[in-house]
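In: how would this look folded up:
(chains A and B)
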Protein chains: 2
Amino acid sequence: MTDEVNLQEMGQRARAARRGLATLLTTEKNDVLSALADALEDSANRRAILEANGADISAGEEAGLSAALIDRLRLTPSRLAGMAAGVRDVAALPDPIGDTFEMRRMPNGLHVGKRRTPIGVIGVIYEARPNVTVDIAALCLKTGNAVILRGGKETLHSNRALVDVIQGVYAGAGLPEGTLQWISSPDRGLVMEMLRLDAYIDMIIPRGGAGLHRLARENATIPVITGGIGVCHLYVEPSARLDRAVEIVFNAKVQRPSVCNALDTLLVHRDVAARFLPLAAQRLSDADVELRCDPPSFGILAAVEDARWRMVAAEEADFGNEFLALILSIKVVDGLEEALEHIDRYGTGHSDGILTEDYTHAQQFLDAVDSAAVYVNASTRFTDGGQFGLGAEVAISTQRLHARGPMGLQELTTYKWIIYGQGHVRE
Amino acid sequence: MTDEVNLQEMGQRARAARRGLATLLTTEKNDVLSALADALEDSANRRAILEANGADISAGEEAGLSAALIDRLRLTPSRLAGMAAGVRDVAALPDPIGDTFEMRRMPNGLHVGKRRTPIGVIGVIYEARPNVTVDIAALCLKTGNAVILRGGKETLHSNRALVDVIQGVYAGAGLPEGTLQWISSPDRGLVMEMLRLDAYIDMIIPRGGAGLHRLARENATIPVITGGIGVCHLYVEPSARLDRAVEIVFNAKVQRPSVCNALDTLLVHRDVAARFLPLAAQRLSDADVELRCDPPSFGILAAVEDARWRMVAAEEADFGNEFLALILSIKVVDGLEEALEHIDRYGTGHSDGILTEDYTHAQQFLDAVDSAAVYVNASTRFTDGGQFGLGAEVAISTQRLHARGPMGLQELTTYKWIIYGQGHVRE
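Out: Model prediction:
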């Protein structure tokens, strides 16, 4: 089932593909993306992909994967159609490559500016979501990057079938062989080798849990985009419009609890806790959210008669924890300064917000909170490439270099300086 | 002479300083910079710094350091005045921190944009140039970053005296204790420990030779800005204005041969080699440049009577070599494509240029060459923060993420997304 994998050769092929990819015209790239979308909807391809996916599902069920994981693995005709539509969306986005910007004339007459270029070769390490294979293929092609993919072993058959379709379309279009390559072996030693392939790979994007991100950062000799771990906070002030605040908290926690921008901890100002917490708890009980309360919030909520919410006393570990489930920790704070300190100490720099009508506090919160996305009076669930107007999302970065927060096409690019002289020499 | 160094505690102090530094007003930062410049010119401080520097010079001479290295080490009253002037220049630059940009209204009415913030904590590892201590201090303070410095052991006394002055000014201004810290021990094990201090340091800038860059990339668990190694090319076409081309080649090679943007290899189109090479060799002989010629260029130059230039046959190792000296390798090529292939194979992605009047070739060269700075009809010596209008230079990056080419103040910053809602929840 597994193939001989030679990462050095894959790296060389990817590097050899760079120049051809960097100079492709937008129309050429869009034509290939359109052909790829069609190929994903072709009935023979569809049959092959779904059959391969069936083999992954069977293997996963035998291995005792959870129902949630099996669901992430599963492809259906409608999910395939969704992937094809995603590829067409990428084709429709503006192409950032080749843009020239910040071009200025220096005092000596030299014209100096920047031109946007592909990063080069991107390595992506991901887990059990076969749709990532197609998403990343489309985003990398649109930005002229060669890519080396390493998917999880649970999706081995599905990825093989998807890669066959993608590589078939690319070959038909005459793209270089190294445009998209896939590590077909589930050998984990290859991941370690890939992380040190700095002679060929320019950037590593891990897409998975905290363990994968840590592994990549600890072992890579290549720049790694880490992120995706979100311990998200909302802080409610007495001046907040409480009806709105209740709905924002509910949305941030409940709308999709399994993702990184979902709410984990609610901070409530002492002066509004007795009014706000029962309203919020009542609303959160509509989705059967478990509340993990610090002593003051527990006291307030325990005093309410006929309460229908689920609550327990919070432990220290409930703060700074990414629940990815219908669980919310709650803490009463004395004011803005304590809220800022809590977020600084327990947050992961992902998405945090203040709910307030106090203008000065809103501005102070925006300035002081050091997270990828800082909100006033909105749900943390908006931290997303699509919602922020990027059109597509490669990943969400919680690191500070190169890109922060949602990464779109532009974050898969770099720039070079270009200089037009007329015989200029330096004095 | 060496102190007890606890990097964990230094990291904690630097992190504790972050919030205070991030919210300093521009006027506050500029006042401190102005006080620092004054302190460097204060006569008692000057005496202490020069005395400490004298101890480094003596130790260096005893240790048999080269005259060039001793010169780099040496501080004089006029060099100190230059450092003070550099600090005042940084004070005069616009402050990038706090700028809000790309603010847009989304279809749902959410206002989403970016705000520029400090990176956080920067680690700088450098070698025998005490002026870097003051340069980096000023650049980091202006951008609200805390910094941990690790200088070379040759500059131990000088750095101690400079750091005393800087920390004295910072303490007097009430800046947090962790604003600027210096690793006073020459123990190399501390460098390795620093490279893995990812809990506290957000970015590592190595400033030194290829070995230091490699060490940092291989061992860091923190993003590293690598760069500074420049194997630079100029390619001369038959259509070039040869008088200008001669002066550009001369300038690129001779104006300051010891730096990374100096010319290393001259590529000449076959059709102009016999006309151009004798002119260039003649001019280069004014600076006694040693020419290392491939067989065709050797043949052409050897046929000239009464030639006064120094030339030898090039070896393979002369291509792709950063000479940092008055040495130039020369190769005759068949045309643009061969020039591009040579640069792709032997270059380091630093600075490369074409000298031509052919419009199409100039555009093709700008598109195809994948270097931090790509030139038409100008000397490679312009790759420099000051020359490119950045006002100051932190380093020159030849990596592809975060920053490429000369890095100014903006490259010491990141951004956060800020979102103004009015009760927005995600559907």
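In: kindly report the domain assignment for chain A.
Out: Split into domains by automatic domain parsing, chain A comes to A:7-226+A:402-420, A:232-382.
In: now those in TSV, with mean neighbour count and distance to B:Q387?
Out: Every residue, glycine included, has its C-beta placed from N, CA and C. Below are the domains of chain A laid out as TSV (neighbours: other Cβ atoms under 10 Å in any protein chain shown; distance: least, Cβ to Cβ, whole Å):
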stretch	mean neighbour count	distance to B:Q387
domain A:7-226+A:402-420	19	7
domain A:232-382	20	34
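In: turn those into CSV, including distance to chain B and mean pLDDT.
Out: Below are those laid out as CSV (distance: least, Cβ to the nearest Cβ, whole Å; pLDDT from 0 to 100):
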stretch, distance to chain B, mean pLDDT
domain A:7-226+A:402-420, 4, 95
domain A:232-382, 3, 97
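In: so what's A:H233 closest to, chain neighbours aside?
Out: A:D352 (4.5 Å; Cβ to Cβ, 6 or more residues apart in numbering or on different chains).
In: now that neighbour: phi and psi?
Out: As for A:D352, its main-chain torsions (degrees, to the nearest 10) stand at phi -140, psi 150.
In: what sits against it?
Out: Contacts for A:D352 (Cβ atoms under 8 Å, 6 or more residues apart in numbering or on different chains) come out as A:232-235, A:343, A:369, A:371, A:373-375, A:380.
In: and the helices in the stretch 151-300 of chain A?
Out: In the stretch 151-300 of chain A, the helices defined using DSSP state H, counting those that start in this stretch lie at A:156-172, A:189-195, A:210-219, A:242-254, A:270-285, A:295-302.
In: export those helices to TSV and append columns for distance to B:E305.
Out: TSV is the format used below for the helices of the stretch 151-300 of chain A (distance: least, Cβ to Cβ, whole Å):
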stretch	distance to B:E305
helix A:156-172	58
helix A:189-195	58
helix A:210-219	61
helix A:242-254	84
helix A:270-285	94
helix A:295-302	95
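In: related to what we said a few turns ago, who does the residue nearest to A:H233 form a beta bridge with?
Out: Beta-bridge partners for A:D352, by DSSP bridges, are A:H233, A:V374.
In: select the longest helix from chain A.
Out: In chain A, taking DSSP state H as the definition, the longest helix is helix A:43-62.
In: which element follows that one toward the C-terminus?
Out: With elements assigned by DSSP states H and E, the helix or strand that comes after helix A:43-62 is helix A:67-73.
In: would you mind writing the CA trace of that following helix as CSV?
Out: Presented in CSV, the C-alpha positions along helix A:67-73 are these (Å, rounded to 0.1, in the frame of the first residue of the first chain):
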residue,chain,number,x,y,z
ALA,A,67,-18.0,9.3,15.0
ALA,A,68,-16.9,12.9,14.8
LEU,A,69,-13.6,11.8,13.1
ILE,A,70,-15.4,9.5,10.7
ASP,A,71,-17.6,12.4,9.8
ARG,A,72,-14.6,14.6,9.0
LEU,A,73,-13.2,11.8,6.9
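In: what is that helix packed up against?
Out: helix A:43-62 (3 or more Cβ pairs under 8 Å, 6 or more residues apart in numbering or on different chains; DSSP states H and E).
In: contacts for the helix it packs on, please.
Out: A:39-40, A:69-70, A:73-77, A:80, A:130, A:154-158, A:160-162, A:164-165.
In: let's go with 10 Å and repeat that
Out: Contact with helix A:43-62 is made by A:38-40, A:42, A:65-67, A:69-77, A:79-81, A:83-84, A:128, A:130, A:134, A:152-162, A:164-165, A:168-169, as judged by Cβ atoms under 10 Å, 6 or more residues apart in numbering or on different chains.
In: just put the domains of chain A in a markdown table and tack on distance to B:S329.
Out: Shown next, in a markdown table, are the domains of chain A (distance: least, Cβ to Cβ, whole Å):
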| stretch | distance to B:S329 |
| --- | --- |
| domain A:7-226+A:402-420 | 23 |
| domain A:232-382 | 47 |
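In: out of the ones you listed, which comes closest to B:A273?
Out: Among the domains of chain A, the nearest to B:A273 by Cβ to Cβ is domain A:7-226+A:402-420 (25.1 Å).
In: so how far is the first residue of the closest one from its last?
Out: Start and end residues of domain A:7-226+A:402-420 are separated by 39 Å (Cα to Cα, to the nearest Å).
In: how far away from the center of its chain is that domain?
Out: 13 Å (Cα atoms, centre = their mean, to the nearest Å).
In: now swap in stretch A:249-266 and tell me
Out: With Cα atoms, centre = their mean, you get 16 Å for stretch A:249-266.
In: beta partners for A:M311?
Out: For A:M311, the beta-bridge partners under DSSP bridges are A:L291.
In: look up how far A:P296 lies from it.
Out: A:M311 sits 13 Å away from A:P296, going by Cβ to Cβ, to the nearest Å.
In: quick one: contacts of stretch A:290-299?
Out: A:265-268, A:270, A:273-274, A:276-277, A:280-281, A:284-285, A:300-302, A:309-319, A:321, A:323, A:325-333.
In: strands of the stretch 301-427 of chain A, start to end?
Out: A:310-313, A:327-333, A:351-355, A:373-378, A:395-397, A:405-407, A:413-424 (DSSP state E, counting those that start in this stretch).
In: no more questions from me, cheers.
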